[in-house]
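In: Kindly generate the corresponding structure for this input.
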Amino acid sequence: MYQPVLFVSSYTDLMELAERYITDTQPSMESPAEVARYMRVLLHDSRQEEFHVLLVNTKNQLIGVKRVTIGLVDRSQVHAREVFFSAIESNASRVILCHNHPSGDPTPSAQDISCTKSLVSAGKIIGIEVLDHVIIGKKTRNRPRDYLSMREENLI
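Out: The predicted structure follows:
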């Protein structure tokens, strides 16, 4: 892809350019739709459940994504130590949990809900906020969105 040459005439211009570059390279995770759009690419053809943690800073800019587990067709085992280890290691102040349902139905199971509540509690203890848990599925005629946000559904 063609990249234009930029001429910087002052220190202020340089700082503005640097800030723009940093902002553009760290996508902002402001909504469940943005999380789903970002994670859809990673999870679109997975035949097993994959549980990921999105590491974000105080401005909800993405620091990184860590796959915590790959499970079976219908479930994966998630432990707080794996979720929060990468958050602590990368100095993330917040996390967003995300996993897929290979069946296509993003409706959370009882295990999804209880696991999420446990992770929210663990995050409170160590000072890392769990912003949301987004489940990626597939769109259908009856389901116009391919994801579900536990925060939007008041499940956390």
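In: Got the phi and psi for the closest residue to Arg47 other than its chain neighbours?
Out: Nearest residue to Arg47, sequence neighbours excluded (Cβ to Cβ, 6 or more residues apart in numbering): Pro102, at 5.4 Å. C-betas here are computed from N, CA, C, even on glycine. Pro102 adopts backbone torsions of phi -60, psi -20, taken as degrees, to the nearest 10.
In: so what's the residue positioned nearest the centre of the chain bridging to?
Out: Central residue of the chain (Cα atoms, centre = their mean): Leu54, 3.6 Å from the mean position. Beta-bridge partners for Leu54, by DSSP bridges, are Val65, Ile96.
In: for it, what are its contacts?
Out: Neighbouring residues of Leu54 by Cβ atoms under 8 Å, 6 or more residues apart in numbering: Met29, Val35, Tyr38, Met39, Leu62, Gly64, Val65, Val95, Ile96, Leu97, Cys98.
In: burial count for the fifth one?
Out: Here the neighbour count serves as a burial measure; for Leu62 (other Cβ atoms under 10 Å) it reads 19.
In: Quick one: residues contacting the closest residue to it other than its chain neighbours.
Out: Counting by Cβ to Cβ, 6+ apart, Leu62 lies nearest to Pro27, which is 5.0 Å off, once chain neighbours are set aside. Contact analysis of Pro27 by Cβ under 8 Å, 6+ apart lists Glu34, Tyr38, Gln61, Leu62.
In: how about the last one, what does it touch?
Out: Translated: Leu62. Contacts of Leu62 by Cβ under 8 Å, 6+ apart are Gln26, Pro27, Ser28, Met29, Tyr38, Leu54, Leu55, Val56.
In: a markdown table for those, including pLDDT, secondary structure and distance to Glu153?
Out: Formatted as a markdown table, the contacts of Leu62 follow (pLDDT from 0 to 100; DSSP: H, G, I helix; E, B strand; the rest coil; distance: Cβ to Cβ, whole Å):
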| residue | pLDDT | secondary structure | distance to Glu153 |
| --- | --- | --- | --- |
| Gln26 | 71 | coil | 28 |
| Pro27 | 77 | coil | 24 |
| Ser28 | 80 | strand | 22 |
| Met29 | 83 | coil | 18 |
| Tyr38 | 87 | helix | 20 |
| Leu54 | 94 | strand | 18 |
| Leu55 | 94 | strand | 23 |
| Val56 | 91 | strand | 20 |
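In: Distance to Ile125 added to those residues, as TSV?
Out: Converted to TSV, these look like this (distance: Cβ to Cβ, whole Å):
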residue	distance to Ile125
Gln26	27
Pro27	28
Ser28	27
Met29	23
Tyr38	28
Leu54	20
Leu55	18
Val56	19
